[in-house]
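> Any chance you could fold what I've pasted below:
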Amino acid sequence: MSKNTSQKLIATAAILAIANIAAFSAAIPVFNTGVNNSGGLLGNATIDSHYALISAPSPYTAAYTGTGTDTLGSNPYLDDGPNSRWINPSGWMGEWLPAANYLYRTTFSLSGLIPSSASLSLNIASDNSCKVFLNGVDTGILTSATGFSSFAAFSINSGFLAGLNTLDFALNNAVDLSVGNFNPTGLRVELNGTANVVPEPTSVALIGLGGMMLFALRRK
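Numbers count the residues shown, from 1 in each chain. Below you'll find the model as predicted:
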């Protein structure tokens with residue numbers, strides 16, 4: 001084997017080692033609506049511990065999985081399952097609740113992950129329209145006011161923070177002129193995402209060593 005060929009093989013190995021270390025990723029620890037810690041569906045009218053109801057008209061204070069799937073008749077809600085369930089403030093999807101704003105929040109940690117590399121995919125169904133905020137900043141995501149019979153797909157690729165992050169769903173239960181200031185409402189979310197893992201000190205050392213090898217080969 002010639003000297004040049006040997007150098008090229010070493011350089012290639014160093015580049016591949018650096019790329020593999022830098023690109024190692026992991027799942028972001030997020031939860032769909034209406035599931036337990038293992039991702040299984042919660043029972044009917046059960047508090048969803050992963051989604052807090054931050055703001056709502058009195059006396060509503062928590063997010064519950066729903067019971068029943070129909071709205072006012074012609075536009076049924078998307079059926080529950082297999083990976084998520086509807087949540088709302090009362091536990092009954094057909095209950096007429098005040099026309100107002102309802103703010104749901106889920107939190108997740110990027111501890112050990114690189115925020116700038118994070119990416120999150122969202123499937124959202126809502127009654128009525130819903131805006132999404134990441135760490136208090138508007139993501140530009142807005143669902144249709146009639147988007148409760150199917151999911152709409154979105155993504156977030158920036159705005160993540162090291163450590164704890166908040167994802168807010170600002171849902172508006174709009175006034176229905178045909179029935180007045182009370183009508184059904186609910187939120188359904190499915191989430192998944194990844195981010196690159198912060199390299200261990202030994203990995204950082206290997207990256208530095210690989211860089212030194214490439215520098216030395218270039219000088220030769």
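> now the helices for this structure?
Under the criterion DSSP state H, helices of the chain are mapped to 3-23, 201-219.
> Skipping adjacent residues, who's closest to the spatially most central residue of the chain in space?
Central residue check for the chain by CA atoms, centre = their mean: the C-alpha nearest the mean position is that of Leu191, 4.0 Å away. Taking CB to CB, 6 or more residues apart in numbering, and ignoring the residues beside it in sequence, Leu191 has Val30 as its nearest neighbour in space, at 4.1 Å. Glycine gets a C-beta too; all of them are placed from N, C-alpha and C.
> got the phi/psi numbers for the closest residue to Glu95 other than its chain neighbours?
Distances taken as CB to CB, 6+ apart put Pro184 closest to Glu95, at 6.5 Å, once the chain neighbours are dropped. Backbone geometry at Pro184, expressed as degrees, to the nearest 10, gives phi -60, psi 160.
> Which strands or helices does the longest strand seen in the chain pack on?
When the chain is parsed with DSSP state E, its longest strand is strand 186-196. Based on contacts counted as 3 or more CB pairs under 8 Å, 6 or more residues apart in numbering; DSSP states H and E, the elements that strand 186-196 packs against are strand 25-27, strand 87-88, strand 101-109, strand 119-127, strand 164-172.
> Ok, which of those strands comes nearest Ala45?
Among the helices and strands packed on strand 186-196, the nearest to Ala45 by CB to CB is strand 87-88 (10.0 Å).
> where's that closest one relative to the chain centroid, distance-wise?
Chain-centre distance of strand 87-88: 17 Å, with CA atoms, centre = their mean, to the nearest Å.
> can you tell me the distance between the two ends of stretch 145-159?
Terminal residues of stretch 145-159 lie 26 Å apart, using CA to CA, to the nearest Å.
> Can you give me the buried ones in it?
Residues of stretch 145-159 classed as buried: 147-148, 151, 154, 156, 159 (neighbour count, 16 or more other CB atoms under 10 Å).
> Ser121 and Ala153 touch, don't they?
Yes. Ser121 sits in contact with Ala153 when judged by CB atoms under 8 Å, with a separation of 7.2 Å.
> Tell me how the chain divides into domains.
By the assignment in automatic domain parsing, the chain contains the domains 1-24+199-220, 27-196.
> which one of those domains is the most hemmed in?
domain 27-196 (a mean of 17; mean count of other CB atoms under 10 Å).
> Distance across that domain, terminal residue to terminal residue?
End-to-end for domain 27-196, by CA to CA: 9 Å.
> hang on, the earlier thing: measure how the longest strand of the chain sits relative to strand 119-127, angle-wise.
Angle, strand 186-196 to strand 119-127, by axes from the mean of the first three to the mean of the last three CA atoms, to 10 degrees: 180 degrees.
> Go ahead and measure how far strand 186-196 is from the middle of the chain.
Taking CA atoms, centre = their mean, the mean C-alpha location of strand 186-196 is offset from the chain mean by 3 Å.
> for that strand, what is the average pLDDT?
Taken as a whole, strand 186-196 has an average pLDDT of 97.
> again with stretch 138-148
The average of the pLDDT scores along stretch 138-148 is 93.
> that older thread, wait, which of the helices and strands packed on strand 186-196 is closest to Gly136?
Between these, strand 164-172 lies closest to Gly136; by CB to CB that is 7.0 Å.
> Could you check the angle the closest one makes with strand 101-109?
Using the same axes, to 10 degrees, one finds that strand 164-172 and strand 101-109 are set 160 degrees apart in direction.
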